[in-house]
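[1] Build me a structure from this.
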Amino acid sequence: MQINNFNSDVRLLEIANRGKIKNANPAEIKGGNFKQAFSEELGKTGALNFSKHASQRLFSRGIEMSEERLARLSEAVDKAANKGSKESLILDDSAAYVVSVPSRTVITAFDRSNLQEGIFTSIDSAIIL
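    Prediction:
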């Protein structure tokens, strides 16, 4: 099915602090920047997300995510967010992670043997655990 000339006003749903859902005009949400507003809302949950690519890298490179490692990684993302970082490199004892801070999403992961080249691009901060 094809929809031609779709000009209807689109309304977004916003979850209020009390868990109630109300209609909101997209221009009213964080100055109208949906991507930023969506990223900030994801970040409020506190959960750390893993992209499909990062999940594949963790598996293929044998990087295990223990509860302790996950907690340390989450704390590092919190610190990066407090400093205004957008894309961070987080290094721990045995691996490196590139993380989108606003969406709290791990984009990719490297184990120590894959860090030979030591070049990371498109980051604005680095955190060493």
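
[2] Residue ranges in this structure under the pLDDT threshold?
    1-46 (pLDDT under 70).

[3] again, only using 90
    1-47, 65, 93-94, 111-121 (pLDDT under 90).

[4] residue ranges of the strands in it, please?
    12-15, 21-24, 49-50, 87-91, 95-100, 105-111, 125-128 (DSSP state E).

[5] and the ones you listed as JSON lines, adding mean neighbour count?
    Bear in mind the C-beta positions are built from the backbone N, C-alpha and C, glycine included. Below are the strands of the chain laid out as JSON lines (neighbours: other CB atoms under 10 Å):
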{"stretch": "strand 12-15", "mean neighbour count": "12"}
{"stretch": "strand 21-24", "mean neighbour count": "10"}
{"stretch": "strand 49-50", "mean neighbour count": "18"}
{"stretch": "strand 87-91", "mean neighbour count": "20"}
{"stretch": "strand 95-100", "mean neighbour count": "24"}
{"stretch": "strand 105-111", "mean neighbour count": "20"}
{"stretch": "strand 125-128", "mean neighbour count": "14"}
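
[6] Could you export these to a markdown table, including columns for distance to Lys79?
    Shown next, in a markdown table, are the strands of the chain (distance: least, CB to CB, whole Å):
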| stretch | distance to Lys79 |
| --- | --- |
| strand 12-15 | 26 |
| strand 21-24 | 31 |
| strand 49-50 | 17 |
| strand 87-91 | 9 |
| strand 95-100 | 11 |
| strand 105-111 | 15 |
| strand 125-128 | 6 |
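
[7] quick one: contacts for His53?
    For His53, the contact set (CB atoms under 8 Å, 6 or more residues apart in numbering) comprises 107-108.

[8] Quick check: beta-bridge partners of Val106?
    Under DSSP bridges, the beta-bridge partners of Val106 are Phe50, Val99.

[9] May I ask you to confirm that it is in contact with Val99?
    Yes - applying CB atoms under 8 Å, one finds Val106 in contact with Val99, separated by 5.3 Å.
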